[in-house]
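Asker: Sequence isn't available, so here's the structure alone:
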């Protein structure tokens, strides 16, 4: 199949579960977005339909779904100008973990597999089909024939081969402190990558690995060319791949310009001649840019979306749940960096968690535009997320726990990446925790400085906005696993359960382990798992073939076209 | 002018002018009679100082008290200026904001006055190489953009904690550093004007006479030069307060000022107002008005004092 969609849950309902099927499905199986509808996929001016846009076959596309759900003949040409709500830090997909980077790299580069925009299924992108898995320790990947890199220096339109897959995956697995933060996707799981021919990749695993397909579909697992790395080193300012758009211009903190790749392997795509991203980090400015028609589409924050909707009735609008969410963290710990006092007493940590009324924070700062989380897996991943609150807000109990822990008062610095809403979260948290005599010394930080401190794993409190993809392993291992990258919480018992779930291919058994791991984490009180908010997508009516991505990772705009 | 003839200690008979009000009382009288805008400015300044000192008595709620009213509520009897998106009382925050602005402004102006008097008076009085070097340094300093200087200093000392100062509140380390930085900036600029005045005083007959009697430089500067440059100093201080408050607000607006849990006018305009002013205009109007009125008050008072204290502009 040229682009075979694969929905694990539908197939599971129709047939028995084989080991092979499980391996193939683990990524997609992680996706359960039943809550999506419940948290705001709705209100709009005249349509609620996602634009689709993922079903275009690899041949010459003759029709694309529109934002209104009706098939129209796409019109080529024009410039699609979009809003980018943050400034990318780097264009190296394996080097950095900042989501705005991918708005560029997911248009210039491609992956072997990808999630559909609703994150419900995994489908091939550069592969001819989903990987074959003759046994739990082997994946065989067949590439689509005829795929070429962009005709730019240093690749000059050469063919994309299995050697590029091997190089890209091995580069992503590079284990250097402070670099390649997505190494944990495959490091310790992949044993060997062979390339028997130009279109075949054979991956030997060290162990059964449930999240394999999900990680292959991650927006960070993009294919790059060895020549680019040899020429430029880290790809912080260069993005060359097989994608539908060629990066032409990057004015830092101002804009990106990408031109159509005229030799793109999918005939007829992309539709627009030029893609421009205008960068604005300020919510009010973003709203004004869309109202003033400086951009054709973009994501508007919770507190500005009503203003935009009041000002412009002639737009397509849709609210979708985001993969971003909020955590209030306590000090990271490792084997050599235990909890400082009084955090070493779990009663103190529990008191902090229970003193936080996350619903109040959500209501006040975001006008309730989101959903409260209960554990380390985002509530939008309904299939895996904890359903019950194990550490609910209970001020009286929090005060009792403080007494039991013998802590009459405590002061600690709280860091975060500064911004209007993030600052207000800090202010509300300070007021809430003051009720148990925990005084937060608020320290908003410039983004780069904040990231530096966050990834030094040395701070007292932090309220952080991470982002997670659908597989539970990414939600668990990258924060609470033995080789976690984004947070450190030293608890060997938790490490063990997280490891077990990643190796468990039976979906029901894995769900039990994932639940067990979440419960252990929540009851160890390393942080308060707060809430996730909604994204408010706006596009001008002339924009067609648009899809409504759940996250900021998915920058694919090849199938968008302008009816103007 | 009619007057009484008296004899000086040196036995020289002179006419003493008719008994007059003390100088500063006279200035106040003339402010009321001749400078209505200056008077309004003065009243505003006094009001702001009272608000700053008595904030806990005036404000009906704590500046950060959540749920003091409905989310984004308009002005009511309970919340004179409405509420922000966290349900905090804007009136209370404006009152407490005055405390931060006035404190930073006052400390900054105190430092500025000290610097301008020392540098300006010494430079003007001694002249020569000292004056040349000092003035070229000041040239270089003035050429540097003020706001950039403040931001740079703030960045350098971002993690500094001065022992003895609280970690939050009006007198937290970052506020003190901010006040010092603004004070240095204002002081260096103002020293030029003080230098000019000192030069003028230096060449007066009474200074020449004092020098002829064998007075030391220190005595001349302390007892003759400084008292005679107080008029421009007071004017500069009054105008400088407005500038200092505006600088603090600008930094808070840029998110570089005091910590978010300290209510400031600039911070209110930055965080709450920019996001929600289209839904609730009051959230921007009141802190903006408080800031504008403070600057207006200090500038009007400063202008009036300049006129009243400058002998060349005296009409009486």
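Answerer: Now that the structure is in, tell me what you want to look at. Computed from a prediction, not measured in an experiment: that's the story for all the values here.
Asker: neighbours around the nearest residue to residue A:315 once chain neighbours are set aside, how many?
Answerer: Spatial nearest neighbour of residue A:315, chain neighbours left out: residue A:538 (5.2 Å); criterion: Cβ to Cβ, 6 or more residues apart in numbering or on different chains. In this view, the C-beta of every residue, glycine as well, is placed from N, C-alpha and C. Residue neighbour count, defined by other Cβ atoms under 10 Å in any protein chain shown, stands at 26 for residue A:538.
Asker: my read is residue A:538 is in a strand, agree?
Answerer: Yes: with DSSP: H, G, I helix; E, B strand; the rest coil as the criterion, residue A:538 is assigned to a strand.
Asker: Would you indicate which residues of the top helix by length along chain B are buried?
Answerer: With secondary structure taken from DSSP state H, chain B has its longest helix at helix B:90-126. Buried residues in helix B:90-126, counted by 16 or more other Cβ atoms under 10 Å in any protein chain shown: B:90-109, B:111-113, B:115-117, B:119-125.
Asker: how far is that helix from where the chain is centred?
Answerer: Between the centre of helix B:90-126 and the centre of its chain there are 4 Å (Cα atoms, centre = their mean, to the nearest Å).
Asker: got it, and stretch A:533-553?
Answerer: Offset of stretch A:533-553 from its chain centre (Cα atoms, centre = their mean): 16 Å.
Asker: do the same with stretch A:113-124
Answerer: Distance of stretch A:113-124 from the chain centroid (Cα atoms, centre = their mean) equals 13 Å.
Asker: for it, how far is the first residue from the last?
Answerer: Stretch A:113-124 has an end-to-end distance of 4 Å (Cα to Cα, to the nearest Å).
Asker: Show residues contacting stretch B:27-41.
Answerer: For stretch B:27-41, contacts defined as Cβ atoms under 8 Å, 6 or more residues apart in numbering or on different chains pick out B:21, B:42, B:296-305, B:307-309, B:315-316.
Asker: okay, whichever residue of the stretch 1-150 of chain A sits closest to chain B: pLDDT?
Answerer: Here the stretch 1-150 of chain A gets closest to chain B at one residue, residue A:85, 14.2 Å apart by Cβ to the nearest Cβ. With respect to pLDDT, residue A:85 scores 86.
Asker: Find the residue closest to residue A:369 in space, skipping its chain neighbours.
Answerer: Using Cβ to Cβ, 6+ apart and skipping residues adjacent in sequence, the residue nearest residue A:369 is residue A:302, 4.0 Å away.
Asker: tell me which element that neighbour falls in.
Answerer: Assigned by DSSP states H and E, residue A:302 falls within no helix or strand.
Asker: residues near it, how many?
Answerer: Residue A:302: 23 surrounding residues under other Cβ under 10 Å.
Asker: Spell out which parts of the stretch 201-316 of chain B neighbour chain A.
Answerer: Within the stretch 201-316 of chain B, the positions lying close to chain A (Cβ under 8 Å from any Cβ of the partner chain) are B:255, B:259, B:260, B:261, B:270, B:271, B:272, B:274, B:275, B:276, B:278, B:279.
Asker: so how far is the first residue of stretch A:240-254 from its last?
Answerer: 21 Å.
Asker: Quick check: buried residues in it?
Answerer: Neighbour-count burial for stretch A:240-254 [16+ other Cβ under 10 Å]: A:240, A:241, A:242, A:243, A:244, A:245, A:246, A:247, A:250.
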